[in-house]
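Asks: What would the 3D arrangement of this be:
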Amino acid sequence: MKQPTQEQMFYAADKRNAELNLQFLEFVKEGLTRQELQKCIDRRPGLWGRWSNWLNVLPDKEENAQ
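Replies: Residues are numbered from 1 along each chain as shown. Predicted coordinates for the structure are as follows:
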């Protein structure tokens, strides 16, 4: 079996990052709160930390309940 080239690996990783970003935006559309994101970051910072700048944008749990 032929190994993928470095370019192929780069584009595969880029595609996976794009898919993760789209999934995150789905969570935002479904009402992800600041507290929920913070819990995810605390649990798995390597995965969720990339979206830490959203902590200032997302609503608080109380605001979302209205």
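Asks: May I have the secondary structure class of G31?
Replies: Judged by DSSP: H, G, I helix; E, B strand; the rest coil, the three-state class of G31 is coil.
Asks: Just give me the neighbour total for it.
Replies: Residues near G31, counting by other CB atoms under 10 Å, number 12. No exception for glycine: its C-beta is placed from N, CA and C like everyone else's.
Asks: so what's it scoring on pLDDT?
Replies: With respect to pLDDT, G31 has a value of 96.
Asks: And it, its phi and psi?
Replies: phi 100, psi 30 (degrees, to the nearest 10).
Asks: Next one: it relative to S52, how far apart?
Replies: Taking CB to CB, to the nearest Å as the measure, G31 falls 19 Å from S52.
Asks: Now the residue nearest the centre of the chain: phi and psi?
Replies: By CA atoms, centre = their mean, the chain has its centre lying nearest to F24, at 4.3 Å. When quoted as degrees, to the nearest 10, the phi and psi of F24 stand at phi -60, psi -40.
Asks: residues in contact with it?
Replies: The contact partners of F24, by CB atoms under 8 Å, 6 or more residues apart in numbering, come to W51.
Asks: Tally up the residues packed near L37, please.
Replies: For L37, the count of nearby residues is 20 (other CB under 10 Å).
Asks: so who does the closest residue to T33 other than its chain neighbours touch?
Replies: Excluding its sequence neighbours, the residue lying closest to T33 (CB to CB, 6 or more residues apart in numbering) is K61, at 4.6 Å. K61 makes contacts with T33, R34, Q35, E36, as judged by CB under 8 Å, 6+ apart.
Asks: In which helix or strand does the closest residue to the second one other than its chain neighbours reside?
Replies: Taking CB to CB, 6+ apart, and ignoring the residues beside it in sequence, R34 has L58 as its nearest neighbour in space, at 4.4 Å. Element membership for L58, per DSSP states H and E: none, as it lies in no helix or strand.
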